[in-house]
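Colleague: following is a predicted model, sequence given first.
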Amino acid sequence: MASRSTEGRREMEAANQRLAAAKDRAASAAKQMDAATKGVNVANVMLETAKKNVAAAKRTADMAKKNADAAKSTKESAASQVETSNEELKKADAFLKEAEERWEVIDIDENDAEFREDAGRKK
């Protein structure tokens with residue numbers, strides 16, 4: 001039978017080994033905890049950045065919508081002005097033709113050689 005001192009030494013040695021193993025596991029767990037904490041911090045920064053990017057994208061989308069609405073309104077206004085201008089052109093052309101008929105105006109091409117000869121004689 002083992003003596004009491006031998007049993008005590010074995011128990012103390014087993015306790016020391018158990019303590020050493022526990023310290024190793026604790027150190028390993030602390031490193032994992034540190035790495036996990038850093039990972040959480042990085043993820044939180046990424047999340048905040050993503051939130052800011054989403055907010056910026058929403059503002060950009062809102063601005064783009066307003067610009068598109070303004071451009072549509074401008075296009076509609078321009079189309080209306082084109083239509084009004086075309087109507088006025090028709091009316092002005094008709095008015096000119098009526099005036100020419102009333103005053104018996106004839107078209108003369110100033111670039112025509114005969115016109116230049118006649119104009120030169122009148123001077």
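Modeller: Structure received. Numbers count the residues shown, from 1 in each chain.
Colleague: from Arg4, how far out is Ala14?
Modeller: 16 Å (CB to CB, to the nearest Å). (Each C-beta comes from the backbone N, C-alpha and C, glycine too.)
Colleague: ugh, wrong one, I meant Ala56
Modeller: Ala56 is 76 Å from Arg4, where distance means CB to CB.
Colleague: same check on Arg25?
Modeller: 31 Å.
Colleague: what's near enough to touch Glu48?
Modeller: For Glu48, no residue meets the contact criterion (CB atoms under 8 Å, 6 or more residues apart in numbering).
Colleague: now do it against Gly8, distance only.
Modeller: Distance of Glu48 to Gly8, given as CB to CB: 58 Å.
Colleague: for burial, what's the neighbour tally of Val40?
Modeller: Neighbours of Val40 under the rule other CB atoms under 10 Å: 10.
Colleague: and whichever strand or helix holds it, average pLDDT?
Modeller: Following DSSP states H and E, one finds Val40 within helix 4-102. Across helix 4-102, pLDDT averages out at 96.
Colleague: next one: it to chain centre, how far?
Modeller: Between the centre of helix 4-102 and the centre of its host chain there is 11 Å, according to CA atoms, centre = their mean, to the nearest Å.
Colleague: now Ile106, what's its secondary structure?
Modeller: coil (DSSP: H, G, I helix; E, B strand; the rest coil).
Colleague: per-residue pLDDT of it, please?
Modeller: 70.
Colleague: got it, and the one 4 residues further on?
Modeller: The model reports Glu110 with a pLDDT of 69.
Colleague: quick check, pLDDT for Lys123.
Modeller: So Lys123 comes in at 50 (pLDDT).
Colleague: ok, now how distant is the most centrally placed residue in the chain from Gly8?
Modeller: The residue lying closest to the centre of the chain (CA atoms, centre = their mean) is Thr60, at 5.2 Å. Going from Thr60 to Gly8 by CB to CB gives 76 Å.
Colleague: please apply the same query to Lys66.
Modeller: Computed with CB to CB, the distance linking Lys66 and Gly8 is 85 Å.
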